[in-house]
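Colleague: predicted model, plus sequence, below.
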Amino acid sequence: MNFCIGGVVSSFLLRLSFIRETAGPKTPRPWGEWSNDQDAMAARAALQRNLGKFKPQGLSALRRDLKIPGKVGTTWKNCPLSYREGYAGSVNCDTNNYACDSFTMYSSKHLPSLQQLILHEVELEIARRRDTA
């Protein structure tokens, strides 16, 4: 009996390893990928934490403006976190009252290339709220 189960398990594992080998490279996502470095992961976590505290109008305004190249910037007049109260420049600090956090530092160096990633995170937050409502 144990031999039969072991044979089934080893057959399954062999098929699984074949699938992994033949699957090929990951399909690129249209919004890109966050870098795997520590700074990028901290920036993403800070962005997600902040987006969770945005007013719905702020998420909508940020989503709209992220679709316009160059509209969202790195100063508190137009940075993504400044939309929290409903419009660009509505706040001048993150949800922990810091003017400079891991997201603002990372985005100031990488913002043009992050625009689609931030838009994706905003859309995920909007969908999360819609699903929990």
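Modeller: Happy to help now that I have it. Owing to the predicted nature of the structure, the values given are computational and were not obtained by experimental measurement.
Colleague: for the rest of this, base every contact and every neighbour count on C-alpha atoms.
Modeller: Fine.
Colleague: which helix is the longest one in the chain?
Modeller: In the chain, with assignment by DSSP state H, the single longest helix is helix 102-132.
Colleague: and stretch 78-91, how far apart are its ends?
Modeller: Length of stretch 78-91, first residue to last, CA to CA, to the nearest Å: 10 Å.
Colleague: now the protein, which segments are flagged as low pLDDT?
Modeller: 1-31 (pLDDT under 70).
Colleague: can you give me the helices in it?
Modeller: Using DSSP H, helices in the chain cover 2-22, 38-51, 56-66, 102-132.
Colleague: list the buried ones in the longest one?
Modeller: By that I understand helix 102-132. Using 16 or more other CA atoms under 10 Å as the test for burial, helix 102-132 gives 102-104, 106-107, 111, 114-123, 125-126.
Colleague: from the chain's centroid, how far away is it?
Modeller: Centroid displacement of helix 102-132 relative to its chain, using CA atoms, centre = their mean, to the nearest Å, is 5 Å.
Colleague: now swap in the shortest one and tell me
Modeller: Averaging C-alpha coordinates over helix 56-66 and over its chain gives two centres that are 15 Å apart (CA atoms, centre = their mean).
Colleague: quick check: buried residues in that helix?
Modeller: For helix 56-66, burial by neighbour count (16+ other CA under 10 Å) applies to Pro56, Gly58, Leu59, Ser60, Ala61, Leu62, Arg63, Asp65, Leu66.
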